[in-house]
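# Need coordinates for the below:
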Amino acid sequence: MRDPRIQTLAHTIVTYSLDVQPGEKVLVEMIGSERELLKAIVEEVHARGGHPYVELTDPGVQSAMLQSITKEQVEHWAEMDLKRMKDMNCYVGIRAGENVSEMSDVPEEQMKLYQTYYSKPVHLEQRVKKTRWVVMRYPNASMAQLANMSTGKFEDFYFNVCNLDYAKMSDAMDPLQALMDRTDKVRIVSPGTDMSFSIKNIGSVKCCGRRNIPDGEVYTAPVRDTVNGVISYNTPSVKSGITFENIVFRFENGKIVEATSNDTKRLNDILDADEGARYIGEFSLGFNPHILTPMKDTLFDEKIDGSLHFTPGQAYEQADNGNRSSVHWDLVLIQRPEYGGGEIYFDDVLIRKDGRFVISELEGLNPEHLK
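Below you'll find the predicted structure:
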């Protein structure tokens, strides 16, 4: 018998996140072996009169493909999948791999080929900009291990997070979006961090379950050349199968001029993918009340209550500073007291301290109001 929480989640994805209409085509891509959520989404799409299409991907097989792939093959692969993506109205991406490090032995040059000639045209340019989409994870033993939880406890956590009342959260985001839209100067201060930049006239976007599940952030982007100072991230991040920790960036006029971590060479290899990889494409504040600790999964970690992320690489068209890159890497700084605290200032006014919003119009985003 199917867990009723799975059906609730599938219903939310199809009716709220995507709002599938009769006759619309929906591509559901599953990376991993989970099937119940996949079947539930297919059923919900049919119930709305839509047409579901399914792709199943095995991460180990994908890794084997990338080991020796050529530019010509990547371009042909992208050409085929781009044609299909252009024919879709909606996209659901579900990640349920058993090993977060599956891609760790793929050579960096091969990953660059994949990111530049496949991910960028198929996903960053077509799927993100021209379909209604939602991406998510699915709970399994691997994710539970990363979160330092039993599988059962992690499943309870997952469904609490993913079946949150996102319509209520959306209303609470409105004042923050309005404030971001009228802000010029931002300053961020934390242990090892003191940086400033402008977000003037960039605009902002609410993330309330329409694109990511879980969700809970409002994002914008810095004016490209205005970032100066240092940021020290305190959350590990997995990129191309490698876990990066203690990442520190120093900026001069928007550009990352110095980058260090537990693997400084690989870090700089990623930042040297293209010119835009050393500039920032996104600045976002996270506030999902159920997500409190890192689990080396960006989709969760970037929504941590009391966090921010500051993202090297590609900017989103909806809050565009003009930066273009094959990279988009959400790196997270948590500012709650147990992670060292910190302050965020908008136009010299303190708006968040130690992870809590401190001005009256934003108090609705503090955890006690969102649960």
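# all contacts plus neighbour counts: C-alpha atoms, from now on.
Noted.
# For the stretch 201-350 of the chain, give me the ranges with low pLDDT.
Nowhere does the stretch 201-350 of the chain drop to pLDDT under 70.
# where do the strands sit along it?
Under the criterion DSSP state E, counting those that start in this stretch, strands of the stretch 201-350 of the chain are mapped to 205-207, 212-213, 217-220, 228-232, 237-239, 242-244, 248-252, 255-260, 280-286, 307-312, 332-334, 343-346, 349-353.
# which stretch among these comes nearest Trp133?
Nearest to Trp133, of all the strands of the stretch 201-350 of the chain, is strand 212-213, at 8.3 Å by CA to CA.
# which other helices and strands contact that closest one?
With contacts defined as 3 or more CA pairs under 8 Å, 6 or more residues apart in numbering; DSSP states H and E, strand 212-213 has these neighbours: strand 132-137.
# So which elements touch the strand it packs on?
strand 90-96, strand 212-213.
# what's the spacing between that strand and its chain's center?
10 Å (CA atoms, centre = their mean, to the nearest Å).
# Within its sheet, name the partner strands of it and how each one runs.
Strands that pair with strand 132-137, judged by DSSP bridges, come out as strand 90-96 (parallel), strand 212-213 (parallel).
# Comparing the ones you listed by mean pLDDT, which bottoms out?
Across these, strand 212-213 has the smallest mean pLDDT, namely a mean of 88.
# so how far is that strand from its chain's centroid?
Chain-centre distance of strand 212-213: 8 Å, with CA atoms, centre = their mean.
# all numbers from here: first residue = 35
OK, 35 is where the count begins now, so the last one is strand 246-247.
# Other residues contacting that strand?
Residues outside strand 246-247 that contact it (CA atoms under 8 Å, 6 or more residues apart in numbering): Val168, Val169, Met170, Arg171, Cys196, Leu333.
# again with stretch 43-51
Against stretch 43-51 from outside (CA under 8 Å, 6+ apart): 53-54, 71, 74-75, 78-79, 167-168, 196-197, 243-245.
# what mean pLDDT would you report for that stretch?
94.
# again, but for stretch 111-122
Throughout stretch 111-122, pLDDT has a mean value of 96.
# Could you dump the strands of the stretch 235-384 of the chain into a markdown table with mean neighbour count and distance to Glu395 added?
Putting the strands of the stretch 235-384 of the chain into a markdown table (neighbours: other CA atoms under 10 Å; distance: least, CA to CA, whole Å) gives the following:
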| stretch | mean neighbour count | distance to Glu395 |
| --- | --- | --- |
| strand 239-241 | 21 | 16 |
| strand 246-247 | 25 | 25 |
| strand 251-254 | 25 | 15 |
| strand 262-266 | 20 | 27 |
| strand 271-273 | 21 | 32 |
| strand 276-278 | 17 | 36 |
| strand 282-286 | 19 | 32 |
| strand 289-294 | 18 | 33 |
| strand 314-320 | 26 | 15 |
| strand 341-346 | 25 | 19 |
| strand 366-368 | 27 | 22 |
| strand 377-380 | 20 | 14 |
| strand 383-387 | 18 | 10 |
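# For Asn302, find the nearest of the ones you listed.
Smallest distance to Asn302 across these (CA to CA): 6.7 Å, for strand 289-294.
# what about the closest residue to Thr227 other than its chain neighbours, distance to Ile290?
Spatial nearest neighbour of Thr227, chain neighbours left out: Ile265 (4.4 Å); criterion: CA to CA, 6 or more residues apart in numbering. Distance of Ile265 to Ile290, given as CA to CA, to the nearest Å: 10 Å.
# Give the intersection of the neighbour lists for these two.
Phe283, Arg284.
# ok, now which ones touch the residue nearest the centre of the chain?
Central residue of the chain (CA atoms, centre = their mean): Leu333, 4.6 Å from the mean position. Residues in contact with Leu333 (CA under 8 Å, 6+ apart) are Met170, Arg171, Asn246, Ile247, Pro248.
# Most widely separated two among these?
For the contacts of Leu333, the maximum inter-member distance is 9.5 Å, found between Arg171 and Asn246 (CA to CA).
# hang on, the earlier thing: between the contacts of stretch 43-51, which is nearest Gly375?
Nearest to Gly375 among the contacts of stretch 43-51 is Cys196, at 26.5 Å by CA to CA.
# Go through the helices and strands packed on strand 166-171 and pick out the most buried.
The highest mean neighbour count among those, using mean count of other CA atoms under 10 Å, belongs to strand 246-247: a mean of 25.
# What are the contacting residues of stretch 116-128?
Residues contacting stretch 116-128 (CA under 8 Å, 6+ apart): 52, 54, 58-65, 155-156, 160-161, 165-172.
# Buried subset of the residues you listed, written for PyMOL?
This is the PyMOL syntax for the buried subset of those, where burial follows 16 or more other CA atoms under 10 Å:
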select buried, resi 52+54+58+59+60+61+62+63+64+65+155+156+160+161+165+166+167+168+169+170+171+172
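# Can you check which of the strands of the stretch 235-384 of the chain gets nearest to Asn355?
With CA to CA as the criterion, Asn355 lies closest to strand 314-320 of the strands of the stretch 235-384 of the chain, at 6.9 Å.
# Which other helices and strands does the closest one contact?
strand 251-254, strand 341-346.
# hmm, who's touching it?
Identification of contacts with strand 314-320 by CA under 8 Å, 6+ apart yields 250-256, 258, 288-289, 336-350, 354-355, 357-358, 362.
# For the chain, which segments count as helices?
38-46, 70-81, 93-101, 105-120, 142-148, 162-164, 175-180, 185-196, 200-216, 298-305, 332-335, 401-404 (DSSP state H).
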